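Asker: Would you be able to build a 3D model of this:
(2 chains)
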Amino acid sequence: MAVSEAVVPVRRRTASLWADALYRLTRNKASVFGGSLVILLVLTAVFAAQLSPYSYSDQDREQTDAVPSWIMGLFPMIKPYAKLSGEFPLGADYVGRDLLSRLIYGAQISLSVALVGPLIALFVGTVYGLISGFFSGRVDNLMMRFVDIMYAFPGMLLIILMMAFFRSAFSESEPGTFAYLMNAIDRRFGGMLFIFVGIGITAWMGTARLARGQVLSLREQEFTLAARAMGAGNGRIIFRHLLPNVLGPLVITVTLAIPGYIATEAFLSFIGLGVNPPTPSWGSMIADGSQSIRTYPHQAILPALALSITMFAFNFLGDGLRDALDPRLRGTQ
Amino acid sequence: MGRYVVRRIFWMLLVLFLISLITFAMEHAVPGGPFDREKKLPAEIIANLEERYHLDQPYWKQYALYLYDVLVPRITKQKPLSMADETMINVKLGGAYYLRWMNFGPSYSSRSRTVNDIIREQLPVSLQLGLLSMAVALSIGLPMGILAALKQNTIWDYLGMGVAIFGVSVPVVAMGPVLVWIFGVALKWLPPTGWGTKPPYLFFFVPHNLFTWNFWRYALMPAFAVGTGFSAIIARLTRASLLQVIHEDYIRTARAKGLAERVVITRHALRNALIPVVTILGPMFAAVLTGLFVVEQVFGIPGLGRYFITSITNRDYPVIMGTILLYAIFLVIANVLVDITYAWLDPRIRYE
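Answerer: All right, here's what the predicted structure looks like:
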């Protein structure tokens, strides 16, 4: 026994793609920084109710546009007219709602988009691309022409159009219909459902094309033939053998797209098609704040800062993940 | 090449047709008529209005009439009888003849102006701002990317790419208000809101005071707010692509035959390195457009983007439909041009 133990210590790192990637990811300072910021943001969003000192929707008519003393010091030009109040740590907005609480709850919106956007892209896109690439021929041709058409659409116009449609058509529907149910769910979550649908409409196409391209080359390889020789059905080959092999590049693409989803939500909320008031989104807070940018600059700058930091964090994380998972770099370190 | 171009143009027409169909369907799926007011109009007036705007016809006929009004140019002697006959493009041809083209119909919320008037007045401003933003994006992004690639792993590279990751992380929604505050309110260098030129324009959109400070002091901030984000993407792409090209064999050959470094870079490396940059110009048009929606709102610029947002809140569907169609035409044509340029630059694409 002692002999074999003496042999073991030559330990090799596992060649598993994911373990390898994690190792490389944690060696990259920028992505560790981005990742920690993301974790911090997730914790903020999850414990929003515990962290925020006030409710995000309660209005205090006495305290509209109230400013705490430290912001007064930061922006001395607002001194002559601003209402000094120590009640709110970051001040209050134009109807007297606590800015800090709204910022904290705003993280929930941005982060749920950062979670759901990639999930839709990954699920819909991967399944679509796998099926299209695996069956090839006529099915593939038909499915890919549909993607081509969708691709040629100006994406943001389509999203705006859809959102405007959902918001007006579904809000006046009869009880008991599908539209009414959708609208009820949407209202329950402050307008998030339609944002997800809007982002989902365009999110899946890139991943579908990528997955198809990967499958087209993989299905000709020996391991697919081996699986078929052992009697595996189509479903088993697609999901057990092909899927794990295409997942790496897909995860990279989807992660790199996260800042884009966050920006889209902020944009939609900014133009009034995103969340329903009083649900706080950083985009709608910037829209409200930029109305009074000359008098109370912090009301727009603080959510703008929160939004930028969040996108910054996801950009760092995405870049790091790409470097860690890119097959061409595998094993070079 | 010819077949490729024809195929792209066919795709373009198909997409525009689908967009118009979707927009039309949505407009009519939404409850409420165009002439619903707080105070109810008398029934016969509504009937008259609906007859004039063809709203009493079946849907397919309304759609066909709308397409006909928008698409088919007419040369007539006839003066417009009413607002419903106005068109966006209205050119005197000589004699008593007029070329009339693109009638986008009436606006529901603004009764004194048609959609044609609105587009005619506000599109040039958006066009000016959009072109300036693209100029900003390219004139910052390209040099930054080239510099970073040529001086790889030096302070220039790190500085450039540091600025770039900052650029891609600050969306227009955040950039706009912050710029307004810094340069418009705190430093008072530039006016925080407004636009520095008025019609008439040369060639429909070139401002007559293009070379005056009065135009630029209004245009600088919004153009940078939209342009910087995209310049960062261009810089990263240019750098990556140029780095790849520089290590190719034909660059070594060019150097070996004794060409000056400047010639190697400009004639041999850049020409190929810029091909991927061309492909991203299509998405760039779309991104600039989205940026305009935000920036026109933040800076109080009287462009079509701002009016479009207002018309969404007012549910003014003819304005929404007209604007979306117009923007879609711009974007789809831009995409086709980019595709054709790409195929011309890179012969491998044509035989795909």
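
Asker: Please verify my assumption that A:Ala266 contacts A:Ser308.
Answerer: No - assessed by C-beta atoms under 8 Å, A:Ala266 is found out of contact with A:Ser308, at 10.0 Å. All C-beta spots, glycine's among them, are computed from the backbone N, C-alpha and C.

Asker: Looking at these two, which is more packed in?
Answerer: A:Ala266 (32 against 21; other C-beta atoms under 10 Å in any protein chain shown).

Asker: Count the neighbours of the closest residue to the more buried one other than its chain neighbours for me.
Answerer: Spatial nearest neighbour of A:Ala266, excluding adjacent residues (C-beta to C-beta, 6 or more residues apart in numbering or on different chains): A:Gly283 at 3.4 Å. Using other C-beta under 10 Å, A:Gly283 has 32 neighbouring residues.

Asker: residues in contact with B:Gln62?
Answerer: B:Phe24, B:His28, B:His54, B:Leu55 (C-beta atoms under 8 Å, 6 or more residues apart in numbering or on different chains).

Asker: ok, which stretches of the chain are strands?
Answerer: Picking chain A for this. Applying DSSP state E to chain A gives strands spanning A:66-67, A:83-84.

Asker: The chain in question should be chain B.
Answerer: Ranges of strands in chain B, per DSSP E, are B:74-76, B:89-94, B:97-101.

Asker: Point out the residues in the stretch 101-250 of chain B that sit beside chain A.
Answerer: Within the stretch 101-250 of chain B, the residues that sit near chain A (C-beta under 8 Å from any C-beta of the partner chain) are B:165-166, B:168-178, B:180-181, B:184-186, B:192.

Asker: among the contacts of B:Gln62, who's most crowded?
Answerer: In these, the most neighbours by other C-beta under 10 Å go to B:Phe24, 18 neighbours.

Asker: who touches it in this structure?
Answerer: Taking C-beta under 8 Å, 6+ apart, we find B:Phe24 in contact with B:Gln62, B:Tyr63, B:Tyr66, B:Met321.

Asker: what's the average pLDDT for stretch B:151-167?
Answerer: Over the span of stretch B:151-167, the pLDDT mean works out to 88.

Asker: Tell me the buried residues in it?
Answerer: The neighbour-count check on stretch B:151-167 (16 or more other C-beta atoms under 10 Å in any protein chain shown) flags B:Asp157, B:Gly160, B:Met161, B:Val163, B:Ala164, B:Gly167 as buried.

Asker: Tally up the residues packed near B:Ala135, please.
Answerer: Residues lying near B:Ala135 (other C-beta under 10 Å) number 12.

Asker: before we move on, what about B:Asn314?
Answerer: There are 14 residues near B:Asn314, going by other C-beta under 10 Å.

Asker: Over to B:Ile9?
Answerer: For B:Ile9, using other C-beta under 10 Å, the count is 15.

Asker: and the closest residue to it other than its chain neighbours, what is it in contact with?
Answerer: Of all residues not flanking B:Ile9 in the chain, B:Val336 sits nearest, at 6.4 Å (C-beta to C-beta, 6+ apart). Residues counted as contacts of B:Val336 (C-beta under 8 Å, 6+ apart) are B:Arg8, B:Ile9, B:Trp11, B:Met12.

Asker: Now do A:Gln333, the pLDDT please.
Answerer: pLDDT for A:Gln333: 30.

Asker: no no, A:Arg328
Answerer: With respect to pLDDT, A:Arg328 scores 55.

Asker: Any chance of CSV for the strands of chain A, columns distance to A:Met162 and mean pLDDT?
Answerer: Below are the strands of chain A laid out as CSV (distance: least, C-beta to C-beta, whole Å; pLDDT from 0 to 100):
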stretch, distance to A:Met162, mean pLDDT
strand A:66-67, 39, 82
strand A:83-84, 41, 77
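
Asker: Tell me the pLDDT of residue 315.
Answerer: I'll assume chain A. In this prediction A:Asn315 is given a pLDDT of 91.

Asker: actually chain B
Answerer: Looking at B:Arg315, its pLDDT stands at 72.

Asker: what about the closest residue to it other than its chain neighbours, neighbour count?
Answerer: Spatial nearest neighbour of B:Arg315, chain neighbours left out: A:Ser168 (5.8 Å); criterion: C-beta to C-beta, 6+ apart. Using other C-beta under 10 Å, the number of residues around A:Ser168 comes to 17.

Asker: likewise the one 3 residues further on?
Answerer: The local packing count at A:Ser171 equals 15, with neighbours defined by other C-beta under 10 Å.

Asker: The residue lying closest to it once chain neighbours are set aside: what's it in contact with?
Answerer: Counting by C-beta to C-beta, 6+ apart, A:Asn183 is the residue found nearest to A:Ser171 once chain neighbours are left out, at 5.8 Å. Residues near A:Asn183 by C-beta under 8 Å, 6+ apart: A:Phe170, A:Ser171, A:Ser173.

Asker: so what pLDDT did A:Asn183 get?
Answerer: pLDDT, A:Asn183: 81.

Asker: And it, how far from A:Thr279?
Answerer: Counting by C-beta to C-beta, to the nearest Å, the gap from A:Asn183 to A:Thr279 is 15 Å.

Asker: Then B:Asp157?
Answerer: 43 Å.

Asker: List the contacts of residue 268.
Answerer: Using chain A here. A:Ile159, A:Ile160, A:Met163, A:Ile195, A:Gly198, A:Gly274, A:Gly283.

Asker: My question was about chain B, not that one.
Answerer: For B:His268, the contacting residues are B:Tyr250, B:Ile251, B:Ala254, B:Leu259, by C-beta under 8 Å, 6+ apart.

Asker: Quick one: name the residues of the stretch 151-300 of chain A near chain B.
Answerer: Within the stretch 151-300 of chain A, the positions lying close to chain B (C-beta under 8 Å from any C-beta) are A:152-157, A:160-161, A:164-165, A:168-169, A:172, A:259, A:263, A:266-267, A:270-273, A:283, A:286-287, A:289-290, A:293-294, A:297, A:300.

Asker: what about burial for the residues you listed, which qualify?
Answerer: A:152-157, A:160-161, A:164-165, A:168-169, A:259, A:263, A:266-267, A:270-273, A:283, A:286-287, A:289-290, A:293, A:297, A:300.
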